[in-house]
Structure formats: structure tokens, C-alpha cells
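Novice: requesting a structural model of the entry that follows:
(chains A and B)
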Amino acid sequence: MDFWNILVLSLETAVGPIAAVYVLAAIGLNMHFGYTGLLNFGQVGFMLVGAYGVGIGVGTFGLSLWTAVLLSIACATVLALLLGIPTLRLRADYLAITTIAVAEAGRLIYRAEFARPLTGGVYGRQSLAEGFYAANPIPSGRYGLLGVDFTENQLWLMVVTWGLVALALALTASLMHSPWGRVIKGIREDEDAVRSLGKDVFVYKTQSLVLGGVLGGLGGAMLAINQQNITPDQFMPQVTFYLWAMLLLGGAARTFGAVLGPMVLWFLLTAFDETLRALVSADLLPFVDGSDIGALRHAFVGLALVLLIVYRPQGLIGDRKEMLVNVK
Amino acid sequence: MRTRLVTVLLAVIAALMVIPGTAAADAQGGENLNGQIRQPTTIEGLEITVYEGFEGDEVIGEATTDSEGKWEVGLPGPGDYRVVLDEGSIPDEYVVPEKPGSELEVSVRPEQERTVVFRLQTPAEAAEESAEASQEATEDEDGGGDAGAGSDEAGEEVPGAEAGASFSDRFFQLTVAGLTFGLIIAISSVGLSLIFGTTRMINFAHGDMVTFGAFMAMMFANMTLFSSLHEVFEGVPVLDFVFNPLVLGLVLAVVLGGALGAGLERFLWRPLRRRNVALIQMFIVTIGFSLVLRHMLLVVFGARRDKYPQFRIQEAWELGPVSITPRDAGILLVAVVVLVLVASMLQFTRMGKAMRAVADNRDLAESSGIDVDRVTLYVWGLGGALSALGGVLYGLNATVHWQMGFHLLLLMFAAVILGGLGTAYGAMVGGLVVGLVAMLSTLWFSPQLMNVWALGIMILVLLVRPQGILGRRERVG
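Specialist: Residues are numbered from 1 along each chain as shown, chains lettered A, B, ... in the order given. Predicted coordinates for the structure are as follows:
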């Protein structure tokens, strides 16, 4: 078993573009759950519409990539309003159920036969990112450190995605130190108290939902650019649960919790996968089949979620007191 | 890369769908094994050999695929056979994937014409699939229609959809299908609603408890112990049915489902409540648990779509404008009887009254002397048992599949919100409405979207009457 190789691969995923995409979406989820206390179990829905903003913009209408990203943001905003207006006036459970259902319904609609002219149906949309890589200023070659290395295109993508992450972090950090952020956190602690101060809680919650949703949508758009093609079935509900595991692992309601969580979890997941695969190919685990590894990984994430909540609800860098209040 | 993955998935789906199409075609009696190799293309000249028994070496017959990739081997009688695809006869550009492989074991029942599906793929696909297969080899639920190969699934779930039937015929047919589906949703979601009522917790693992029940029954129905027990009573009027492996399996699955629910409450949720874990955190724990349960079932039972071996092929009864198989009629009957029993239990027994009282107001119930912990334990047991029953009925009505429960869960959410969160009767009414809406929507719209309509109804209800049809008007915001 090649430990060095496993370590390198895991490090590569932890800083790679996919991890950055999850960080973006997790920052959005942190805005919803960590700061506002909204139970959004459908973050993958925002990633779906974000990715398809690029997919439909570039793949169907032949727009430029930059216009398509704007389309992604618009789609995510619309979805947030659609979700928020019926449910944000109700108790938290309603938002939870509605988000998980709408995200899944969205996937079904995007993959349906009648939507094929627009979304490409189950086949999705291909070759979306030529404009992006054509704008790559990095000279071609391989760039690396300690065995972890990337091609110029991966590096360009990482620069842009992590750049977006930095922007999103700066935005949330400054928002949370503004009067707006204090109201938002107040809503999480005690909605009625905030209402009694004359704030329109519904409006604040909607704003938070839109903001976090747009970050999720941007994550989706970067995912589409990274893979250059998208299909609806990448946006299974499991993605949302991964994001939750990541956010809780890092620590909700912490600016860097949403960054740390995805990186650590991706590192662990890849290490888990590769170790298991090495063990299976060395015939050390006779009862596990090579094709079961994906399923075992999902089960591992589930177990991690349970154990985290039971033993360390604040995650790696969270504040225990902040996580123990009963959020709305 | 993703597109190729989807192509592979569609190939799998198409291969699975071939089964009923060819099985129905031939009606000359006697047992046989047949199949068609058509993924990725139809291949002529593949050699297939059938051996007797799972281990035996005695050759029963050999066949070579024709220009359409079809083959057929006649059998001497029912029993166990091993079908081997000669890897040497496969053209170089294709390989046999690890799963299901080139050697399959099948059991053939009397008069059965069993279709055996071999799958081929290109080496590149094979490499890719082994990396990612189990994770996503799933989406046959709605993908079936796209693959366009067969219509077992579509035909099963949307019985009136065949072209040519008049609108009123299809309407009646779909109403019956919707009632069946609605009753299944209702049975499964009563527990969800009661659990929410007593503990204020949304059990996101409820769908996977449904899957658990279906798979448990599948396990027992396939056990040789039970089929040999059945043989003893074969032909005896009542006992023949009672000792049918699936009937026994259903009973055992319901018992196990109840045990799972009660065990979860006793060893997971009660300790968590004692630790003062907040409700939101409990939601996340249920999600984590559902991921664990679902994927453990996937690892143990595999990603195949399966039907119960019993009651599979039946002559439909014609009742006026409606034709219904005895199997579906049985599902309807069981569902109605169980729902009536549950309702009378809730209405008339002490425990039922206590359950409703706790669901109504936990603190008030506790202060009036009800042992809330015990009631919660019973609610979980009841919920687990009912969800397992729902799973078996759903599996009997459609197919057993590791994601069936999760897909049903979204409709169950729609049902409980529609009827009013926390009320048992609301879940029953909501389930019926959701089932009917989902089925009847296929009269006008694509069957792929039937779940979307059900969820749409849910959002509409949230907008105009958030407390649900039977929910008490109270402040929910």
C-alpha cells in the first residue's frame, strides 16, 4: 500500500477546484444555517440552477461565459424567492421539508423529457468552459509542490474559484459585523425579540436566503466550468448532506468554518476511498467489493454527521454555546 | 466523462428493462431461458451455455446470439441453472463488467420463461464504472422512460398510459392506481406524522425504514427455508397462502421494522434527548442515520431493481371499466384494513388516546400522568412497523430498490404537510390526495413529472393553508 501516494492524492483534492466549489456552497449554507438559523436542506438546488445557468447560457443560447454566470446568479435569486416566500413566515420545519423537496423536484424537472431542448435532459450540456480556459493567462506546464501538482488549466480554475471564495468570505465577514449581520444573528437567537424591536424578520430572512443561495449558485457555476459538462444527476440530495457534514465539521457560524470543513472532509474522503481501494485490491477485505466503495463512503459521511452532532456539535473551530441554542 | 457515465447508466437501465418485453413475447409453454444482448450494440455470435445447478457441470443447452443479439435455451424443468457467457466469443472491443459478470445463477419456476441479462461495455467504461458505479448506479426510477427500451416500470406505475385506451378508461385505471399508491403513502407516513407529533422531530430516515422493510421481506421471500416450508402446505386452501414465503416475509419484515423503530428510539433518540441535544441537531442526526442505513442496504443487497419472486405474473380481473390484478387488489385490501385498524387503535384504545394526547401537547399529556417516554417508544415501534409494511406493499406494487424509500419520503413529506403535520388522520388523507394527484397528473402530463406535481400541491397548501387540511389553526410562524 502506497501511503505517500494516498497522502498526495488526498492533499490534491483538499486544495483542488472541487473542494473550492464545495467551500463556496458551504459559505452559502453557513449564511443560511450558521448565521440566520435557516434549515436549508436543499442547497444542492441552488447549485443545480447555478450550474444550469452556465449550461443553458453557454450550451443552449451560446452566450458568453460571463453573461451565463450572471444568468446563474439570477436563477439562484429566483429560486431563493420561490422557496422563501411561502415558507419563511412559517416554522423552521416547513422550510426544511420544502427545500429538500424543491431541490429534488428541480432535478426531476431539469432532467425531464420536455425540458430537453433547454437543458439537454438526462444528457445535460457539454463543452461549457472553452471561453474560460481561452482566457487563461498562466503559461502551460505543470505546477506543483511536494508531489501535489496541477496543470495550468486546473491552476487557473483554482485561482478563480479560491478568489471567489476569498471574496465571499470578505463579504460575509463584513456583513456579519454590520448592523444587518447583528439583526441576522438576532433572528437566529430569538426571532420574537427581534420582531419586538420593530424589524421585519421575514425580509431579513429572505435576504439571507437569497445571499446564501447566490453563493450556492456560484458554486454550481464553477462546478460546471470545472467539469466542462453537467448532467442533472450530479445534483443528488446527497450533495446537500455532504455540505452539511462539511459545515458542521468545520464549525457553523464561523467565517473560516465553512472553509476548513470542506477541505478537511475532502481530504478524509479521498484518503478513505483510496485506502479502501488499496485494501480491496490487496485482497485484505474479502467481504467488500470494489464497487461498494462509493456506497461505503456515503455511509461514512452519514456516520460522521451523527458522531459530530453527538460529540462535538460545534465542529473543529466553532463555539459550543453558539451552536446549542435552538435555532429557528 | 460524465456523459459517458450517464450512457453506461442508461445501458444498465435499458438492460434491466428488457426483461418483461421478451418474457411476454413467447407463450409456447415450458421453461426456458432467453435474453438479448443489445448493450452497447446488438452482437451476433456470442456463445452462451446453460449448466444444471449452481455448481454442476452438466450442460443443459447451448445457444448463439442471432443477428438481433437474441438467444434462447429450452429447459427440462424448473430448478436452478447457471448461465455462462463464453468470454472467448466476445469481440475484442468489449469486456464483461465485474458486475453482473459473465456467469449468472438463476432459479426458474414452473412454466417460467426467464430472461437473463448479460451486459457488455468498452474497457474504458469498465474502468470508469468500477470507480464510480455503486455510487450512482441508480437513476432508473425516471431514467427508464428515457432509455426507451421497455416499459415494465412505466407500465407498472402508470397502468392506463398505454396508447389507444379511451380517456375515461385511463381515468378509472389511474384512479385505482392512484388509490393504491396513495394508500401506500398513507400507511408509510402515519408513523412519520405521529413521530413528528410526539417528538417534534422530522424523521428524515423514515424513507429508508421503508426500504429496510422491503428488503427484509425480499430476503425472507428468497430464503429456501421458507420456500420448502411452503411446499409442505402447497395446495392446502388457507395454509397455502399463509405459508407463502412472501406472506411470512411481510409479517417478519413488519416485526423487524417495528423493532428497528423502537430500537432507534430506545438507544439513539432517547439518550440524545436526555443530553439536551437541540431539535435541529436531531434533524441532522436523522439525516446521518438515513445515509448510513440506505448505503448499508445498498452494500448488502446491491443496486439492482428487483421484484418479489411470488405473485409476479397474474391474470388481471376485469371489473367494469377497471382491470386490476389480484395482487394490487390484495394491496388495496391490506392497506385499507391496516389503516382502519390503526385509526380504531388511535381512537378507542388507551395507548391510542395517549398517543394522540402526546402528539397534541406533550407537556400537558405529561402533567396529566401519561408516561410520555413509553408512549414515544410505542409510537416509534408503530411507525417503524407501518413503514416496513408500506415498503413491502410498495415493493409488491412496483419494484424493490435501494432508493425507493427516499423517493417515497418526498411524497410522504408532501402527504403529512398536506394533511397537517403531527396528525395521524391528516397523513392518511394527505397520502391519498398525493397518490391520486401524482397518478392522475399523468393523464395530461409526462409521467416523469408526477412527483413534481405532488410536491407542487404541497407548496400550494403551504401558501394558502399552512396548517394542512386537518391541522388545527394555530400560529405556525
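Novice: now do the longest helix seen in chain B: distance to the chain's middle.
Specialist: Looking across chain B with DSSP state H, the single longest helix is helix B:167-199. Relative to its chain's centre, helix B:167-199 lies at 14 Å (Cα atoms, centre = their mean, to the nearest Å).
Novice: what do you get for stretch B:267-284?
Specialist: Worked out by Cα atoms, centre = their mean, stretch B:267-284 lies 29 Å from the chain centre.
Novice: that one - what's its average pLDDT?
Specialist: Averaging pLDDT along stretch B:267-284 yields 84.
Novice: same check, this time on stretch B:81-93
Specialist: On average, stretch B:81-93 scores 71.
Novice: shouldn't residue B:105 be within a strand?
Specialist: Yes: Residue B:105: assigned to a strand according to DSSP: H, G, I helix; E, B strand; the rest coil.
Novice: need the contact list for it.
Specialist: B:54, B:80-83 (Cβ atoms under 8 Å, 6 or more residues apart in numbering or on different chains). C-betas here are computed from N, CA, C, even on glycine.
Novice: ok, is the helix or strand just after the longest helix of chain B in contact with chain A or not?
Specialist: Per DSSP states H and E, helix B:167-199 leads on to helix B:206-221 as the next helix or strand towards the C-terminus. No: using Cβ under 8 Å from any Cβ of the partner chain, helix B:206-221 stays clear of chain A, with a minimum separation of 10.1 Å.
Novice: tell me the angle of the helix or strand just after helix B:206-221 relative to helix B:206-221?
Specialist: Heading C-terminal from helix B:206-221, the first helix or strand you meet, by DSSP H and E, is helix B:224-232. Angle of helix B:224-232 versus helix B:206-221, following axes from the mean of the first three to the mean of the last three Cα atoms, to 10 degrees, is 60 degrees.
Novice: same question for helix B:224-232, mean pLDDT?
Specialist: Helix B:224-232 comes out at a mean pLDDT of 80.
Novice: ok, residue A:67 - contacts?
Specialist: residue A:57.
Novice: ok, now residue B:389?
Specialist: Residue B:389 sits in contact with B:187, B:213, B:250, B:253-254, B:257, B:334, B:338, where contact means Cβ under 8 Å, 6+ apart.
Novice: who wins on neighbours among the contacts of residue B:105?
Specialist: Neighbour counts for the contacts of residue B:105 peak at residue B:81, which has 24 neighbours (criterion: other Cβ atoms under 10 Å in any protein chain shown).
Novice: residue B:75 versus that one, what's the distance?
Specialist: Residue B:81 is 7 Å from residue B:75, where distance means Cβ to Cβ, to the nearest Å.
Novice: overlap of the contact sets of these two?
Specialist: In contact with both residue B:81 and residue B:75: B:33, B:50, B:60, B:108, using Cβ under 8 Å, 6+ apart.
Novice: any chance of JSON lines for these, columns neighbour count, pLDDT and secondary structure?
Specialist: JSON lines is the format used below for the shared contacts of residue B:81 and residue B:75 (neighbours: other Cβ atoms under 10 Å in any protein chain shown; pLDDT from 0 to 100; DSSP: H, G, I helix; E, B strand; the rest coil):
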{"residue": "B:33", "neighbour count": "24", "pLDDT": "77", "secondary structure": "strand"}
{"residue": "B:50", "neighbour count": "21", "pLDDT": "78", "secondary structure": "strand"}
{"residue": "B:60", "neighbour count": "19", "pLDDT": "71", "secondary structure": "strand"}
{"residue": "B:108", "neighbour count": "17", "pLDDT": "71", "secondary structure": "strand"}
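Novice: related to what we said a few turns ago, can you give me the buried ones in the longest helix of chain B?
Specialist: By 16 or more other Cβ atoms under 10 Å in any protein chain shown, the buried positions in helix B:167-199 come out as B:170, B:172-199.
Novice: which bits of the stretch 1-150 of chain A sit near chain B?
Specialist: Residues of the stretch 1-150 of chain A lying near chain B (Cβ under 8 Å from any Cβ): A:37, A:39, A:41, A:86-87, A:89-94, A:96-98, A:100-102, A:104-105, A:108-109, A:111-114, A:121-124, A:126.
Novice: report the distance from the helix or strand that contains residue A:106 to the chain centre.
Specialist: Under the criterion of DSSP H and E, residue A:106 resides in helix A:92-111. With Cα atoms, centre = their mean as the basis, helix A:92-111 stands 16 Å off its chain's centre.
Novice: who's in contact with the helix or strand just after it?
Specialist: Using DSSP H and E, the next helix or strand after helix A:92-111 towards the C-terminus is helix A:116-119. Here helix A:116-119 makes contact (Cβ under 8 Å, 6+ apart) with A:52, A:55-56, A:60, A:110-111, A:123, A:125, A:232.
Novice: buried set for helix A:116-119?
Specialist: residue A:119.
Novice: output it in CSV with nothing but the alpha carbons.
Specialist: What follows is helix A:116-119, C-alpha atoms only, in CSV (Å, rounded to 0.1, in the frame of the first residue of the first chain):
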residue,chain,number,x,y,z
ARG,A,116,-34.6,18.6,-23.3
PRO,A,117,-34.5,21.4,-25.8
LEU,A,118,-33.4,23.7,-23.0
THR,A,119,-31.4,21.6,-20.6
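Novice: just confirm residue B:372 contacts residue B:362, I think it does.
Specialist: Yes: Residue B:372 lies in contact with residue B:362 (Cβ atoms under 8 Å); the separation is 6.3 Å.
Novice: quick check: neighbours shared by those two?
Specialist: residue B:198.
Novice: quick one: list the elements packing against the helix holding residue A:106.
Specialist: Applying 3 or more Cβ pairs under 8 Å, 6 or more residues apart in numbering or on different chains; DSSP states H and E, one finds that helix A:92-111 contacts helix A:43-54, helix A:65-87, helix A:237-250, helix B:404-419, helix B:450-464.
Novice: pLDDT and secondary structure added to the contacts of residue B:389, as TSV?
Specialist: Listed next are these as TSV, based on pLDDT from 0 to 100; DSSP: H, G, I helix; E, B strand; the rest coil:
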residue	pLDDT	secondary structure
B:187	94	helix
B:213	95	helix
B:250	92	helix
B:253	95	helix
B:254	95	helix
B:257	96	helix
B:334	92	helix
B:338	94	helix
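Novice: so which of those wins on neighbours?
Specialist: residue B:213 leads the contacts of residue B:389 on contacts (other Cβ under 10 Å) with 34 neighbours.
Novice: and that one, how far is that from residue B:430?
Specialist: 21 Å.
Novice: quick check: phi and psi on residue A:142?
Specialist: phi -110, psi 140 (degrees, to the nearest 10).
Novice: and it, what does it touch?
Specialist: Taking Cβ under 8 Å, 6+ apart, one finds A:149-152 in contact with residue A:142.
Novice: again, only using 10 Å
Specialist: A:149-152, A:154-155 (Cβ atoms under 10 Å, 6 or more residues apart in numbering or on different chains).
Novice: just the buried subset of the residues you listed, please.
Specialist: A:150, A:152, A:154-155.
Novice: quick one: which of the residues you listed sit in strands?
Specialist: Counted as lying in strands by DSSP state E, out of the buried ones among the contacts of residue A:142, are residue A:150.
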